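Visitor: Structure here, sequence nowhere to be found:
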């Protein structure tokens, strides 16, 4: 999953951005790989360490790396209190709560299914943008959103049927949807912050810091034990998620935003769930069904319609 602060939906025509260069294509492929593999990495950390504690460890490393980036890049780090309150909201929604909820969801479903749920981000965003900013979605966007949520139903119906009598898959679905909603709420905070022209590196460094404090607070209130998993599997996943899926992915995503534009960069959310599902098939025994295939197609088509609707 990407640790990035998403900008407001853009209505700029994509013609402003040129043809994809070899570097752009290579970076695009790298981002799909990184985001597509981050879900199974998250799932491999479930077991010994409570999810909220894993989140603390992960964001302690990521926060340190982000502040180092800000320092070396000479990005400003001093801001007034009212701006820090905005950073804190960003941290609570994007850089803590949503990740912890997905860590808990990983105990109930295949990692690829979590990626599919998260791919609804662009669809949820159009509803929240209408709610908070009065930006009415286009007809194409509404159709895309309906297709996406219908696709989720098709994908999860076989899972629910197989586990009839048990609530595990429903709990996982609920946790994943809650995590996606938190991330989207953070997107709205990021959109509101945009008018202050805050550097994204600085915003994300402070956002990660406050998200880290929030997770520590939750762990203390709930009296969650700080335990450690010293296995190679846990720490290989930790390094991948903290450094590659956070710091490197952030740099890659921002580079693509500047070179190919937000609309085409947004198609990453369409493609990385396919990688995640393929990995679930290979390593977690996920079984494809006809409704699942149709549902995945509906989600992909829905995302494409939403992306096109932003530029119409």
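Guide: Structure received. What you see is a predicted model, and the numbers here were worked out from it, not measured in a lab.

Visitor: pLDDT weak spots in the stretch 101-250 of the chain?
Guide: Judged by pLDDT under 70, the stretch 101-250 of the chain has its weakly predicted residues at 162-166.

Visitor: all helices for it, in order.
Guide: Under the criterion DSSP state H, counting those that start in this stretch, the stretch 101-250 of the chain contains helices at 111-118, 121-133, 139-162, 168-193, 200-221, 232-239, 249-260.

Visitor: Need the winner for burial among those.
Guide: With neighbours defined by mean count of other Cβ atoms under 10 Å, none of those is more surrounded on average than helix 111-118, at a mean of 27. All C-beta spots, glycine's among them, are computed from the backbone N, C-alpha and C.

Visitor: helices or strands next to that helix in the packing?
Guide: Applying 3 or more Cβ pairs under 8 Å, 6 or more residues apart in numbering; DSSP states H and E, one finds that helix 111-118 contacts helix 22-43, helix 98-105, helix 139-162, helix 168-193, helix 268-283.

Visitor: Relative to residue 226, which of those is closest?
Guide: helix 98-105 (14.7 Å; Cβ to Cβ).

Visitor: relative orientation of the closest one and helix 168-193 in degrees?
Guide: Between the axis of helix 98-105 and that of helix 168-193 there is an angle of 170 degrees, by axes from the mean of the first three to the mean of the last three Cα atoms, to 10 degrees.

Visitor: Please name the nearest non-neighbouring residue to residue 240.
Guide: Nearest non-adjacent residue to residue 240, counting by Cβ to Cβ, 6 or more residues apart in numbering: residue 41, 5.1 Å away.

Visitor: how far away is the one you found from residue 241?
Guide: Using Cβ to Cβ, to the nearest Å, one gets 5 Å for the distance from residue 41 to residue 241.

Visitor: do residue 159 as well
Guide: Applying Cβ to Cβ, the value for residue 159 to residue 241 is 25 Å.

Visitor: go on, residue 117?
Guide: When distance is defined by Cβ to Cβ, residue 117 is 18 Å away from residue 241.

Visitor: so how many other residues sit close to residue 22?
Guide: Residues near residue 22, counting by other Cβ atoms under 10 Å, number 7.
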